[in-house]
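Asks: Below is the sequence, then the predicted model.
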Amino acid sequence: MSARRVLGAGRVSARTIQIGLGAIWLLDGLLQLQPRMFGPDFANQVILPAAQGQPGLVSSVITHSAHLITLQPALTNTVFACVQILIGVGLLIRETVRPALTLSFVWALGVWGLGEGFGMLLTGMASPLTGAPGGALLYAAIGLLVWPRAARTPAGRVVPGPAAAEGPLGVRGGRAVWAIVWGGMGALWLLPANRAGGSVSGAISGAVTGEPSWLAHVQLSVAHAIGNGGGSVAVAGAALSLVIGLGPLLSRHTTVFLVAGAALALDYWMFGEAFGQPFSGIATDPNTGPLLALLALALYPNPAPARQDARFDAMTAGGRAATIALSTFR
């Protein structure tokens, strides 16, 4: 193993994020292969609910798409599964990352519109607790952050900064994406529907259906503890989201905000999203929790490679000097 590779071990690179994103896409494709997805449940219980509360045009398009799916549910679902598996496998193979990401952008935006109803942002009912602004939008955002650029550094040299530094938006662009996502979720918390009494506990209780008894017990206990205090929880959620979002832009100590964001996202994932409801038989993805954690990982501040490179250069120079001395002696 080369010394330079050892020095770069343990850092979170763009390739790390690409592999993580590919694994999630692959999981989505495998979830699409569940038996219930090949029948009418996919259209009626996954697609159609996204039409509720939408503006007329959006509701009509989603409803019409659901009806088209019911004409050939098995064929349609097979296509959906194959596309997502193809994206996942493409991201796991270094040579096919670019075409896989290109396909993922198109597919994710389509899913965000038709399958997620634009994250329900147009309904006034979108809640970060249950998955707003939509997982598909996060797939596209993370993919953009780690889009592979032409190499600007010598082969093997560690790129400074977080994984996002290797992408087209750079570190500042990545932090801006983080601020937009978390700032947007903070604003969603302040919607009247989310500040209403009992709204938070109702959202958690609504995610219990079909879940294992241990998870349902935890969720119902939290929902009971919150009770009708949804307003105060929503305000706290909004304030915390804004601090998490703006922190990396305003402070050099970005790690604390990234860790806080990942932790809060995992709380949403457990209590409001029920881990994406994988036991329901009609889950299509793990929802936003793992994606927000992956986004935080893409911005994680790796150790400064300048010191690592200096150590490597010193090691190399020392090795060369020893080789020359040995050859002279001989």
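Replies: Sure thing, it's come through. Residues are numbered from 1 along each chain as shown.
Asks: Please make it C-alpha for all contacts and neighbour counts, starting now.
Replies: OK.
Asks: Could you check stretch 274-283 and say which residues are buried?
Replies: A274, F275, G276, Q277, G281, I282, A283 (16 or more other C-alpha atoms under 10 Å).
Asks: out of the residues you listed, who's nearest T123?
Replies: G276 (21.2 Å; C-alpha to C-alpha).
Asks: give the contact list for the closest one.
Replies: By C-alpha atoms under 8 Å, 6 or more residues apart in numbering, the contact set of G276 is W269, A283, T284, D285, P286, N287.
Asks: if I look at A126, how far off is A140?
Replies: A126 sits 19 Å away from A140, taking C-alpha to C-alpha, to the nearest Å as the criterion.
Asks: In terms of neighbours, single out the busier of those two.
Replies: Neighbours per residue (other C-alpha atoms under 10 Å) separate A126 from A140, with A126 holding more: 22 against 19.
Asks: Contact partners for the closest residue to that one other than its chain neighbours?
Replies: Distance criterion C-alpha to C-alpha, 6 or more residues apart in numbering; nearest residue to A126, sequence neighbours excluded, is M120 at 5.1 Å. Applying C-alpha under 8 Å, 6+ apart to M120 gives the contacts A50, Q54, A126, A132, P133, G134.
Asks: Got phi/psi on M120?
Replies: phi 60, psi 20 (degrees, to the nearest 10).
Asks: can you count the residues close to the nearest residue to G186 once chain neighbours are set aside?
Replies: Distance criterion C-alpha to C-alpha, 6+ apart; nearest residue to G186, sequence neighbours excluded, is A238 at 3.9 Å. Each residue near A238 was counted by other C-alpha under 10 Å, and the total is 22.
Asks: I'd assumed L191 was in contact with A238.
Replies: No. The pair A238 and L191 fails to qualify as a contact (C-alpha atoms under 8 Å) at a distance of 10.0 Å.
Asks: who touches both of these two?
Replies: Going by C-alpha under 8 Å, 6+ apart, no residue sits against A238 while also sitting against L191.
Asks: now the contacts of M120 as TSV including secondary structure and pLDDT?
Replies: Supplementary listing: the contacts of M120 in TSV, determined by DSSP: H, G, I helix; E, B strand; the rest coil; pLDDT from 0 to 100:
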residue	secondary structure	pLDDT
A50	helix	96
Q54	coil	97
A126	coil	97
A132	coil	97
P133	coil	96
G134	coil	96
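Asks: Specify which member of the residues you listed is nearest to L30.
Replies: G134 (19.6 Å).
Asks: List the residues that contact that closest one.
Replies: W112, E116, F118, G119, M120, N287, T288.
Asks: of those, buried ones?
Replies: W112, E116, F118, G119, M120, N287, T288.
Asks: okay if I get those as JSON lines plus pLDDT?
Replies: Below are the buried ones among the contacts of G134 laid out as JSON lines (pLDDT from 0 to 100):
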{"residue": "W112", "pLDDT": "97"}
{"residue": "E116", "pLDDT": "96"}
{"residue": "F118", "pLDDT": "97"}
{"residue": "G119", "pLDDT": "96"}
{"residue": "M120", "pLDDT": "96"}
{"residue": "N287", "pLDDT": "97"}
{"residue": "T288", "pLDDT": "97"}
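Asks: Chain neighbours aside, what residue packs nearest to the residue sitting nearest the centre point of the chain?
Replies: Centroid check for the chain by C-alpha atoms, centre = their mean gives L291 as the closest residue, at 1.7 Å. Spatial nearest neighbour of L291, excluding adjacent residues (C-alpha to C-alpha, 6+ apart): L138 at 6.6 Å.
Asks: Can you show me the strands along the stretch 51-200 of the chain?
Replies: Applying DSSP state E, counting those that start in this stretch to the stretch 51-200 of the chain gives no strands.
Asks: Where does pLDDT dip in it?
Replies: For the stretch 51-200 of the chain, the stretches flagged by pLDDT under 70 are 150-159.
Asks: Tally up the residues packed near L249, please.
Replies: Residues lying near L249 (other C-alpha under 10 Å) number 16.
Asks: Alright, I will stop here.
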